[in-house]
Each structure stands twice: as C-alpha cells, then as structure tokens.
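Visitor: Need coordinates for the following:
(one chain, ligands or ions: 2)
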Amino acid sequence: MEETWGQFKTFEGTRFEALDAEFTQEVSTLIGGQDLTACFQCAKCSAGCPVSDKVNIQVHELMRMLLFGLKEVLQTDMVWLCTTCYTCQERCPQGIHITDIIFGLKNMAFKRGIAPKGYIVARQGLFDTGRLYEPTDWEREDLELEDIPEFNIADIQKMFEKTGLMRLEEKEDA
Ligand code: SF4
Ligand code: SF4
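Guide: Ligands and ions are numbered 1, 2, ... in the order given. Sure thing, here's the model as predicted:
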C-alpha cells in the first residue's frame, strides 16, 4: 500500500519561474538576519533528520528553496512534519538556525492560509475543550493517577485570544 504521509503536493516536474529575494530576506530576519548563503548544501541536516523518509523535500532542499526565494517552500510537508527535534540545527557545520527557520515558516504558512486540515481541527478542539484528546478514566486508573482536575475553559480561550492563534487561519497576505 502506498504511504500517504505527505500533506502537500509533490514538486516533481514543477518549473519554478519567480525568484523572490525579498522572501529570502524575510526568512533571514526570522533568525536574526543570519546569512542563508552560508549553506553549502552538505546535506548533514537531512542525513540526521528523523522524518526524512516521510517528506516531499529534504531539509537541505528546503534551504536551497529559501536561497532561491521560492515561496512554494511553504507548501512542503517538511514544514509541518518537522518534529522540531533540533538535530539539523545541531549538525549544521555552518551554524544555521534551521529549526528556528522552520518554526517561522509554519507561522508564515498559517498566515497565508496554508496548513494541513489536521492542524486546523486540532486547534479548534483545543479551543473548544482545552484538550487535544479526551483521556478516559480507565487510562488514569491504570496509571494510578487522580481524577483530572477541573479547569476553566474561559482561561484557555483567553490565552488563544492573547496569542491570536484563532485568527491565524485568516489569510493575511496570500
Ligand atoms: S547542514 Fe547546514 S550547510 Fe549543510 S546543507 Fe544543511 S543547512 Fe546547509
Ligand atoms: S528539527 Fe525538523 S527538520 Fe530538523 S532534523 Fe528535526 S525533524 Fe528534521
């Protein structure tokens, strides 16, 4: 059976036309203006990435796309399947803050209305109930845990309001 981990389209055969230097600059500002041209494509980042066999482009390819100013990078599943384990960042001989870039790309993608449906649904669930899933009593009993303490959902929703998380779905500059 074919695996379907990828959230977004494959780029195989895609011809990219527009290179956007401003986009490269925008990404650079995510990591304090670090020079992305320092990346010399050694692929050490990709070699250590635990999701490398689940994504449609590898981390070093993501870096290449950024250097070329290709906004299509926001549609890659690397952005969303990244576990933020920081392995790539630790391994990079050039000290590029790769994981921090990917964090930033998530936010940039969200602001443009690009996000896997699962994330939108999970966010709504968290907003509505304060939980990503409902733990069952027997699970807690098995672990000899006390009942789940009551919490005020309004407090959680206030946090969402403060961080603007629920508004991120709106396309700010698609
Ligand atoms: S490890 Fe660093 S220098 Fe090597 S490809 Fe990845 S980002 Fe570029
Ligand atoms: S931080 Fe993300 S991209 Fe980097 S190695 Fe971990 S999973 Fe891969």
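
Visitor: quick one: contacts of the lowest-mean-pLDDT helix or strand in the chain?
Guide: None of the helices or strands of the chain scores lower by mean pLDDT, DSSP states H and E than helix 137-142, at a mean of 83. Helix 137-142 is contacted from outside by Glu146, Asp147, Ile148, using Cβ atoms under 8 Å, 6 or more residues apart in numbering. Every C-beta, even on glycine, is put in place using the N, C-alpha and C of the backbone.

Visitor: who in this structure is up against ligand 1?
Guide: By Cβ under 6 Å from any ligand atom, the part of the chain that sits against ligand 1 consists of 39-45, 60, 63, 91-94, 96, 98.

Visitor: thinking again about what came up before, for the least confident helix or strand of the chain, list the C-alpha coordinates in CSV.
Guide: As requested, C-alpha coordinates have been extracted for helix 137-142 and formatted as CSV (Å, rounded to 0.1, in the frame of the first residue of the first chain):
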residue,chain,number,x,y,z
ASP,A,137,-11.0,7.2,33.3
TRP,A,138,-9.6,3.7,33.0
GLU,A,139,-6.4,5.0,31.5
ARG,A,140,-5.8,7.2,34.5
GLU,A,141,-6.8,4.4,36.9
ASP,A,142,-4.3,2.1,35.2
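
Visitor: I'd like the distance from that helix to the chain centre, please.
Guide: Centroid displacement of helix 137-142 relative to its chain, using Cα atoms, centre = their mean, to the nearest Å, is 33 Å.

Visitor: likewise stretch 72-90?
Guide: In terms of Cα atoms, centre = their mean, the gap separating the centre of stretch 72-90 from the centre of its chain is 6 Å.

Visitor: helices and strands around the helix or strand that comes right after the least confident helix or strand of the chain, which ones?
Guide: Remark: after helix 137-142, the chain's next helix or strand is helix 153-163, criterion DSSP states H and E. In terms of contacts (3 or more Cβ pairs under 8 Å, 6 or more residues apart in numbering; DSSP states H and E), helix 153-163 is packed against helix 117-129.

Visitor: Which residues does the helix it packs on contact?
Guide: Here helix 117-129 makes contact (Cβ under 8 Å, 6+ apart) with Gln7, Trp80, Arg131, Leu132, Tyr133, Ile153, Ile156, Gln157, Phe160, Leu165, Met166, Glu169.

Visitor: how much space is there between the nearest residue to Cys82 once chain neighbours are set aside and ligand 1?
Guide: Nearest-residue entry for Cys82: Ile102, 4.8 Å, with adjacent residues in sequence omitted and distances by Cβ to Cβ, 6 or more residues apart in numbering. Distance from Ile102 to ligand 1, counting by Cβ to the nearest ligand atom, to the nearest Å: 11 Å.
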